[in-house]
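Asks: here is a sequence with its predicted model. Questions after.
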Amino acid sequence: MVESGQGRDPGDYGLLSPVWAGTRVAELTSDVAFLQAMLDVELGWVRVQGHAGLLEAALVEPMAHAFTAGAYDAASVAARAQHGGNPLIPLLGDVRAALAGSAPEGVAAVHRGATSQDIVDSALMLMSRRAVAVIGADLRTAGQALAALADDHRGTLMAARTLTQHSLPSTFGLKAAQWLAAVGEAGERLDAAAAALPLQWGGAAGTMAALTGLAQQQAADDGGPLAWASLLAETLGLAEPVAPWHTNRLPVTGLAHALADVVAAAGKVANDVLLLGRPEIAEVSEPPAAGRGVSSAMPQKRNPVLSVLIRSAALAAPGHLVQLQAAAGAAVDERPDGSWQAEWQALRQLLRLAGGAAAKLAELVSGLQVHPEALAANLRLSGEPLLSERIMNTVAPLLDGGSPGAGRQRVQALVSASLAGGPDLVAAVRDAVPQDLLSDQDLAMLVDPAGYLGQNDALIDRIIDRYGQGERA
């Protein structure tokens, strides 16, 4: 498998994109990193040619020095790319010039039988595979931390909120487990997309015509172009495609959707933390870190920066996904005229946003501070009406008086009166229901939030077992 070191990319710092600036994925998707990915594909093809007898095997290693990104000026390559519409064309000129003085016999093998789209698409897939490996590792770290939170707080009561309002009793453990379910599922989708990232190898029009000509000249029985493509895919660590996919852009959109799912799952966690961390709610706090979250004007503030940046990624990612989907839908002929070029930056931005969001999510949930006393205090704000569903289901049949449905109306009236400042709901129920139908002990149990958690423990266990990476607190 061809791998390479990555250099720092001057001028590509992410100054206006703090969610991904300075991350490992930012480094792996820099201009220099992509330059290296293109060179890795070209060198991989040289190695395959040496293996297949298309090139003297002894020439391969002396040529390798010309396929290192540090040997070239990325800014110059970028500036010259406008003349041919892609960065590979000027890069090939530089590579051939570098080889002309050191290994001239190998110059003809560079890019032989390939086309620019073969290299650019394959390099994008190679760069993506490297970045996704880092994203996946961060998601697994986040998953383990969320599994621990879910297990630790399976009995920590809180009010569930629907449409911004208190609805029923729940636990913070179940909330964390639901976060885990989304993050885990997004990670699985990303893993599947990464495993399917294919080599692109079809020649000028996707017919492999030039490669077939090479095979005919060689007259060897080694499987020809399809076997060479298979070996190149293996060399690069990419999936072997069924056929060239010049204008079938589903490999790109499939990856893009998986990346967008990662950002959406992280965004849900961040949104909840931003809400629950407001001072008037104060149920959770971000992990403290020296200097993080400070305000330039208000010394007392500690802003929830991790969640803010994750949320910024969640807001930005859909636009890039739409761009890639639109480009795929606009693809024409055997090489798209503009829609192909429109994919490159959008895909890189999605990789970076997902990389930044996953890294910050792992840090956020690994150190998230949960405040059970605030959860309990906020739960008490709704009082017994929070158990209205349970009271309705249990008490209404006792008050029907032979008229089905009448009990529900009576209970609704008791709840409405209590919410309007009338009698305490428990006292009102006590007055309405005879002791022989509902004892004081049963009534007390009826309004105990801990007794109306449904399948809380079972759901938490199922989610941890499925997505928790086997890690229990």
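Replies: Here it is on my side, so go on.

Asks: per-residue confidence at residue 300?
Replies: pLDDT recorded at residue 300 is 65.

Asks: give me phi/psi at the closest residue to residue 285 other than its chain neighbours?
Replies: Closest residue to residue 285 apart from its sequence neighbours, by CB to CB, 6 or more residues apart in numbering: residue 369 at 4.1 Å. Placement of C-beta: from N, CA and C, glycine included. For residue 369, the backbone dihedrals (degrees, to the nearest 10) come out as phi -100, psi 120.

Asks: and for residue 171?
Replies: The phi/psi pair for residue 171 (degrees, to the nearest 10) reads phi -130, psi 150.

Asks: ok, the nearest residue to residue 406 once chain neighbours are set aside to residue 323 distance?
Replies: Among residues not flanking residue 406 along the chain, residue 400 sits closest, at 5.2 Å (CB to CB, 6+ apart). In this view, residue 400 and residue 323 are 60 Å apart by CB to CB, to the nearest Å.

Asks: those two: which is more packed in?
Replies: residue 323 (19 against 14; other CB atoms under 10 Å).

Asks: host element of the more buried one?
Replies: helix 305-329 (DSSP states H and E).

Asks: how far off centre is that helix?
Replies: Relative to its chain's centre, helix 305-329 lies at 11 Å (CA atoms, centre = their mean, to the nearest Å).

Asks: and that helix, what's buried?
Replies: By neighbour count on 16 or more other CB atoms under 10 Å, the buried set for helix 305-329 is 305-314, 316-317, 320-321, 323-325, 327-328.

Asks: next SSE downstream of it?
Replies: That would be, after helix 305-329 and using DSSP H and E, helix 339-366.

Asks: output the contacting helices and strands for that following helix.
Replies: Applying 3 or more CB pairs under 8 Å, 6 or more residues apart in numbering; DSSP states H and E, one finds that helix 339-366 contacts helix 24-28, helix 116-152, helix 172-195, helix 250-276, helix 305-329.

Asks: what about it, distance to the chain center?
Replies: 7 Å.

Asks: how big is the angle separating it from helix 116-152?
Replies: Angle of helix 339-366 versus helix 116-152, following axes from the mean of the first three to the mean of the last three CA atoms, to 10 degrees, is 20 degrees.

Asks: kindly provide the whole-number mean pLDDT of helix 339-366.
Replies: Helix 339-366 comes out at a mean pLDDT of 97.

Asks: ok, stretch 280-295 next?
Replies: Stretch 280-295 comes out at a mean pLDDT of 85.

Asks: contacts for it next, please.
Replies: Residues from elsewhere that reach stretch 280-295, judged by CB atoms under 8 Å, 6 or more residues apart in numbering: 158, 172, 273, 275-277, 301-307, 363-364, 366-371, 374-375, 378.

Asks: show me the shaky parts of the stretch 151-300 of the chain.
Replies: The stretch 151-300 of the chain contains residues with pLDDT under 70 at 219-220, 293-297, 299-300.

Asks: surely residue 349 touches residue 318?
Replies: No: if you go by CB atoms under 8 Å, residue 349 and residue 318 don't touch, sitting 11.5 Å apart.

Asks: list the helices and strands the host helix or strand of residue 96 packs on?
Replies: Assigned by DSSP H and E, residue 96 belongs to helix 88-102. If you count contacts as 3+ CB pairs under 8 Å, 6+ apart, helix 88-102 packs onto helix 31-52, helix 60-63, helix 74-81, helix 116-152.

Asks: include mean neighbour count and distance to residue 438 when you put those helices into JSON lines, please.
Replies: As requested, those are exported to JSON lines (neighbours: other CB atoms under 10 Å; distance: least, CB to CB, whole Å):
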{"stretch": "helix 31-52", "mean neighbour count": "24", "distance to residue 438": "69"}
{"stretch": "helix 60-63", "mean neighbour count": "17", "distance to residue 438": "86"}
{"stretch": "helix 74-81", "mean neighbour count": "16", "distance to residue 438": "77"}
{"stretch": "helix 116-152", "mean neighbour count": "24", "distance to residue 438": "35"}
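
Asks: distance to residue 253 for these - can I get that in a markdown table?
Replies: Listed next are the helices and strands packed on helix 88-102 as a markdown table, based on distance: least, CB to CB, whole Å:
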| stretch | distance to residue 253 |
| --- | --- |
| helix 31-52 | 20 |
| helix 60-63 | 36 |
| helix 74-81 | 24 |
| helix 116-152 | 13 |
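
Asks: looking at those helices, which is closest to residue 106?
Replies: helix 60-63 (4.5 Å; CB to CB).

Asks: quick one: residue 90 and residue 40, what's the gap?
Replies: Distance of residue 90 to residue 40, computed by CB to CB: 18 Å.

Asks: kindly report the same for residue 237.
Replies: Distance of residue 237 to residue 40, given as CB to CB: 10 Å.

Asks: hang on, the earlier thing: minimum distance to residue 67: which of the helices and strands packed on helix 339-366 has it?
Replies: Closest of the helices and strands packed on helix 339-366 to residue 67 is helix 116-152, at 11.8 Å (criterion: CB to CB).

Asks: quick one, that closest one and helix 88-102 angle?
Replies: Between helix 116-152 and helix 88-102, the angle comes out at 110 degrees (the same axes, to 10 degrees).

Asks: make residue 1 into 3 and carry on from there
Replies: I'll keep to 3 as the first residue from here, and by that count the last item is helix 118-154.

Asks: now do helix 118-154 against helix 174-197, angle only.
Replies: Put simply, helix 118-154 runs at 160 degrees to helix 174-197, going by the same axes, to 10 degrees.

Asks: show me what helix 118-154 is packed up against.
Replies: Judged by 3+ CB pairs under 8 Å, 6+ apart, the packing partners of helix 118-154 are helix 26-30, helix 33-54, helix 90-104, helix 174-197, helix 252-278, helix 341-368, helix 458-469.

Asks: circling back: kindly export the helix holding residue 98 (C-alpha atoms) in CSV.
Replies: What follows is helix 90-104, C-alpha atoms only, in CSV (Å, rounded to 0.1, in the frame of the first residue of the first chain):
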residue,chain,number,x,y,z
LEU,A,90,-2.3,17.3,-12.7
ILE,A,91,-1.2,18.7,-16.1
PRO,A,92,1.4,21.1,-14.8
LEU,A,93,2.5,18.6,-12.2
LEU,A,94,3.2,16.0,-14.9
GLY,A,95,5.5,18.5,-16.6
ASP,A,96,7.4,19.1,-13.4
VAL,A,97,7.7,15.3,-12.7
ARG,A,98,9.0,14.5,-16.2
ALA,A,99,11.5,17.4,-16.0
ALA,A,100,12.7,16.0,-12.7
LEU,A,101,13.1,12.5,-14.2
ALA,A,102,14.8,13.7,-17.4
GLY,A,103,18.0,14.3,-15.6
SER,A,104,18.0,11.3,-13.2
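
Asks: list the contacts for the closest residue to residue 51 other than its chain neighbours?
Replies: Residue nearest to residue 51 in three dimensions, not counting chain neighbours: residue 57, with 4.1 Å by CB to CB, 6+ apart. Contacts for residue 57 (CB under 8 Å, 6+ apart) come out as 48, 51, 108, 111.

Asks: export those to a markdown table and append columns for pLDDT and distance to residue 438.
Replies: Below are the contacts of residue 57 laid out as a markdown table (pLDDT from 0 to 100; distance: CB to CB, whole Å):
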| residue | pLDDT | distance to residue 438 |
| --- | --- | --- |
| 48 | 98 | 91 |
| 51 | 96 | 92 |
| 108 | 94 | 97 |
| 111 | 96 | 95 |
